[in-house]
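[1] Sequence plus the predicted model coming up.
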Amino acid sequence: MAKYLLLKHYRGAPSAVNDIPMDRWTQDEISAHIQYMRDFAARLETTGEYVDGQALSPEGTFVRYDGEGRPPVTDGPFAETKDLIAGWMVIDVDTYERAVELAGELSAAPGAGGRPIHEWLELRPFLTESHTTAE
C-alpha cells in the first residue's frame, strides 16, 4: 500500500469545468458538495483506502524560525494565492493507477447547479524511505 495526498485548491490549479467559486454557491449546493465528500470518504473507509481528510479555512499564516532566542517570524495573515489549499484527503492504495482513479472520481463532486465540478486535484505521493539490503 502507498499513501497519497489529494489536495483541493481554492485557486492556483487549472480552472475546473464548472468554475463557479464556492462563495457564489447556494447553501444547498455547498451541502451537496460536502455530502459527496463524506460519502466518498465513507466508501473508502469500507475498503481500507481512506486515511484522513479535512477542509481548510482560507486564512493562514506563514511561520519560520528566526534564530535562537528569537520569536518565530510570521507573514500574514494571508497566503499567496498559489498556496491556498481548500482541503485534503489522504488515501492508502495498492497502486498509483488506483490513486489516479480515486482522484478523478473525487474531482466530480457537485458544485453550482448540482453539476460536477470536474476540478483539478493535486495528487502527491508520500515520501517514503527506500529499503535497501546490505550484504
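    Everything's here; your move. Numbers count the residues shown, from 1 in each chain.
[2] so where is the chain shaky, pLDDT-wise?
    Counting by pLDDT under 70, the chain contains low-confidence residues at 10-12, 76-83, 130-135.
[3] Please, where are all the helices along it?
    All helices of the chain, identified by DSSP state H, fall at 27-47, 96-106.
[4] Identify the residue spatially nearest to residue 7, adjacent ones excluded.
    Ranked by CB to CB, 6 or more residues apart in numbering and with sequence neighbours excluded, the top spatial neighbour of residue 7 is residue 122, at 4.0 Å. In short, each C-beta sits where N, CA and C put it, glycine included.
[5] how many other residues sit next to that neighbour?
    Counted by other CB atoms under 10 Å, the residues lying close to residue 122 total 14.
[6] how about the strands of the protein, start to end?
    For the chain, the strands defined by DSSP state E cover 2-9, 50-55, 62-64, 73-75, 85-93, 121-125.
[7] and those strands as TSV, adding distance to residue 21?
    Shown next, in TSV, are the strands of the chain (distance: least, CB to CB, whole Å):
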stretch	distance to residue 21
strand 2-9	12
strand 50-55	15
strand 62-64	23
strand 73-75	25
strand 85-93	11
strand 121-125	17
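[8] hmm, back to that, which ones are touching the residue nearest to residue 7?
    With contact set as CB atoms under 8 Å, 6 or more residues apart in numbering, residue 122 has these partners: 5-7, 9, 13.
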